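**Student:** Sequence and predicted structure are below.
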Amino acid sequence: MTDPGDAPAGHATRSHARGVPRQRHTSGSATSGHAPPRSAPSRTGSRARPKPGAGRRARPMGRGRRILRTAAISLSVLVLATAGAGWWFYEHLNGNLHSVPLTDGSGDSAGKEKADSFGRTPINLLVMGSDGRTNASDCKLGGGCSRTGVQSGSNADVEMVMHISADRSNATVMSIPRDTVTTVPACKDTETGVSTNGYTGMVNSALQYGPACQVATVHRLTGIPIDHFVKLDFSGVVKMSDAVGGVSACVDKDVYDTYSHLKLAEGTHTLKGVAALEFVRSRHGFGDGSDLGRTYSQHLFLSSMIRKFKSAGTLTDPTAVYRLADAATKALTVDTGLGSIRKLMGLAADVDKVPAKRITFTTMQTAPDPGDSNRLVPAATAQSLFATIANDQSLTNSSGDKTAAASATAKAPASASTVPAAQIAVTVENGTTVTGRASAVATALLDKGFSSGTTTGNAAGTTSTTTLTYGSGHKAEAQTAAKALGLPSSHLKQSDATGTGLTLVIGTDWTSGTAYPAPAPADTKTATANAHAETADQSKTCAKVSPYKTVSLDGVAMTPTQAYRAATGTKDSAP
């Protein structure tokens, strides 16, 4: 490959003397301001009045000073006690957590998110709701143990992939219906010893072989890297809803699901404890009576919980925070990457950064399984939704509306560097078959005020991807150059070599123009088609009660509304 217009014009050396402000250290001893105490006159026998001119006795400590001294001592004790209680609290919560390695017993990799040039990494978390009756408490809440007794296995009847963007500006929560048929890889639950060589079956069944197997199954189904997981059981839902003081939920008609036992009058209710569990478990009360309708009502429930977390006072009340933290850590099984309070707090802080209007809840598009009408397979449009999440693309814009905006990580660097362009020289190399590419881009940099030390040349060979490589200590300069060229931050990388500056290798993805071509916008209309997408700020949305005869009362098929009116002797789940 030859490019006469890109021959090296000489290598300029540059040296930046950057002043580092000195830190000033001040020292000194604090003094009490009190003079040394005077010696009191000797006393023998009874008290004697001092003679004129004799030294005066020290005046007894006043009441005010005694109170201050007592308060100071009490405060010191309180500080020590509080610190001790804080450490105990921290260790107590850590002790509550149960964690499992993300790949424990799974033969498949769950993928790995890559940090962008700013060190920011998207988070993909699989949230699992287990139907396991593995203890007496869950048997009582879930039922079905009268014949089988306490069970050893469980299915992931609730599966949601939570994606938090690299820049923490938006999030997507995608539900995967439990009836979806997919390929489960070879797995072994290291805690129970139960294993499989792999099979085709319902996606929720992978949890029988451990949480890591469920993660690997979802990754294989969607192609989305999964960084972490959280598993919650029946009693966990009850504890969490109680800890937050209940969750507000609305139903558009009277509803009685005779299977989950949810019974609510039309309108808005505060769901606590068992009522909350009945709501999120109800699949016959909403939609068409399938698992799809259940995912929609679960989105409404979680949206309401998120709004409550973000509301004033919820996370500022120490008692409420303790109840919530204690309940959450007792209720959750997490991967070892989240297996500490510090890490869970970091995750909570990341979620809290995202405005409710930019948290999108959606459900994976499905179609009937050709081999079984009671099962589902991913629809063709689901691939677009998977790609949108995997590529860190937002389904909303800054106003919260659905948009076709480009991905957060595909955008040019958001913040400019503090290094002036005039101090930055770039070696521009042509990695395309187009003559003059390096010269054109280098000229554009010079026109934008970059250093005259900017040079051009040919790359070692043709490359498909444009990259801007920077040496140690030159990251800020690289961000400035990338911003000037419109180069996405994902194209920046740090060199392993020391002492190198900036080298821009132009790839075949940039064969014309002096600004890097904008990435194709996310096709959110396709990504969310038939996916029932809503944002978490939609507080007035009510769950749609099924108009079909999805329940049965005394052997008679009824709609959930008919069942509500007929079951006059059954108490409502919530007032």
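**Tutor:** Now that the structure is in, tell me what you want to look at.
**Student:** OK, contacts around residue 270?
**Tutor:** Under the criterion of C-beta atoms under 8 Å, 6 or more residues apart in numbering, the neighbours of residue 270 are 246-248, 574. Bear in mind the C-beta positions are built from the backbone N, C-alpha and C, glycine included.
**Student:** Got the phi and psi for residue 187?
**Tutor:** Backbone geometry at residue 187, expressed as degrees, to the nearest 10, gives phi -150, psi 160.
**Student:** Would you check how far apart residue 559 and residue 285 are?
**Tutor:** Distance, residue 559 to residue 285, using C-beta to C-beta, to the nearest Å: 10 Å.
**Student:** Same check on residue 536?
**Tutor:** Distance, residue 536 to residue 285, by C-beta to C-beta: 22 Å.
**Student:** The two: which is more packed in?
**Tutor:** For residue 536 against residue 285, the residue with the higher neighbour count under other C-beta atoms under 10 Å is residue 285, and the figures read 34 against 25.
**Student:** circling back to that earlier point, next, show the common contact partners of residue 559 and residue 285.
**Tutor:** Joint contacts of residue 559 and residue 285 (C-beta under 8 Å, 6+ apart) are 545-546, 550-551.
**Student:** now the residues you listed in a markdown table, with secondary structure, neighbour count and distance to residue 270?
**Tutor:** Shown next, in a markdown table, are those (DSSP: H, G, I helix; E, B strand; the rest coil; neighbours: other C-beta atoms under 10 Å; distance: C-beta to C-beta, whole Å):
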| residue | secondary structure | neighbour count | distance to residue 270 |
| --- | --- | --- | --- |
| 545 | strand | 25 | 18 |
| 546 | coil | 24 | 23 |
| 550 | coil | 25 | 25 |
| 551 | strand | 26 | 24 |
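**Student:** now for those, which pair is the farthest apart?
**Tutor:** Greatest spatial distance in the shared contacts of residue 559 and residue 285: 545 and 551, 10.7 Å, computed using C-beta to C-beta.
**Student:** Helix, strand, or coil at residue 473?
**Tutor:** coil (DSSP: H, G, I helix; E, B strand; the rest coil).
**Student:** And it, how far from residue 169?
**Tutor:** Going from residue 473 to residue 169 by C-beta to C-beta gives 29 Å.
**Student:** Tell me which of those two has more neighbours.
**Tutor:** The neighbour comparison of residue 473 against residue 169 (other C-beta under 10 Å) goes to residue 169, with 18 against 14.
**Student:** what kind of secondary structure is that one in?
**Tutor:** Reducing the assignment at residue 169 to three states with three-state DSSP gives coil.
**Student:** Pretty sure it sits against residue 359.
**Tutor:** No: with contact defined as C-beta atoms under 8 Å, residue 169 and residue 359 do not form a contacting pair (10.7 Å).
**Student:** Contacts only, for the residue nearest to residue 289 when sequence neighbours are not counted.
**Tutor:** Excluding its sequence neighbours, the residue lying closest to residue 289 (C-beta to C-beta, 6 or more residues apart in numbering) is residue 550, at 3.2 Å. Contacts of residue 550 were listed using C-beta under 8 Å, 6+ apart, and they are 284-285, 288-289, 559-560.
**Student:** how about 7 Å then?
**Tutor:** Residues in contact with residue 550, defined by C-beta atoms under 7 Å, 6 or more residues apart in numbering, are 284, 289, 560.
**Student:** Go through those residues and say which is closest to residue 524.
**Tutor:** Minimum distance to residue 524 across the contacts of residue 550 is 28.9 Å, recorded for residue 289 (C-beta to C-beta).
**Student:** Pretty sure the closest one sits against residue 547.
**Tutor:** No: when contacts are counted by C-beta atoms under 7 Å, residue 289 is not listed as touching residue 547 (9.8 Å).
**Student:** quick one: which of those two has more around it?
**Tutor:** For the pair residue 289 and residue 547, the greater number of neighbours falls to residue 289 (22 against 13), based on other C-beta under 10 Å.
**Student:** Doesn't that one belong to a strand?
**Tutor:** No: looking at residue 289 with three-state DSSP, it is coil, so not inside a strand.
**Student:** so what pLDDT did residue 102 get?
**Tutor:** Residue 102 carries a pLDDT score of 82 in this model.
**Student:** Distance check, it against residue 339.
**Tutor:** Separation of residue 102 from residue 339 (C-beta to C-beta) stands at 10 Å.
**Student:** what about the two, which has more around it?
**Tutor:** The neighbour count for residue 102 versus residue 339, taken as other C-beta under 10 Å, is higher for residue 102 (22 against 19).
**Student:** which non-adjacent residue is nearest the more buried one?
**Tutor:** residue 335 (4.3 Å).
**Student:** Across the sheet, point out what pairs with that neighbour.
**Tutor:** Note on residue 335: beta-bridge partners by DSSP bridges are residue 100.
**Student:** For the stretch 451-575 of the chain, which residues score under the pLDDT cut-off?
**Tutor:** For the stretch 451-575 of the chain, the stretches flagged by pLDDT under 70 are 497-499, 519-523.
**Student:** What ranges does it have for its helices?
**Tutor:** Applying DSSP state H, counting those that start in this stretch to the stretch 451-575 of the chain gives helices spanning 475-485, 524-527, 560-566.
**Student:** try the stretch 101-250 of the chain
**Tutor:** Counting by DSSP H, counting those that start in this stretch, the stretch 101-250 of the chain forms helices over residues 136-142, 145-148, 211-222, 234-243, given from the N-terminal end onward.
**Student:** Quick check on the nearest residue to residue 459 once chain neighbours are set aside: phi, psi?
**Tutor:** Closest residue to residue 459 in three dimensions, ignoring its sequence neighbours and counting by C-beta to C-beta, 6+ apart: residue 431, at 3.8 Å. With angles defined as degrees, to the nearest 10, residue 431 sits at phi -110, psi 20.
**Student:** can you check residue 300 too?
**Tutor:** Backbone torsions for residue 300, taken as degrees, to the nearest 10, come to phi -60, psi -40.
**Student:** ok, now which ones touch the residue nearest to residue 459?
**Tutor:** Neighbour list for residue 431: 459, 462-463, 505-507 [criterion: C-beta under 7 Å, 6+ apart].
**Student:** From residue 203, how far off is residue 490?
**Tutor:** In terms of C-beta to C-beta, residue 490 sits 30 Å off from residue 203.
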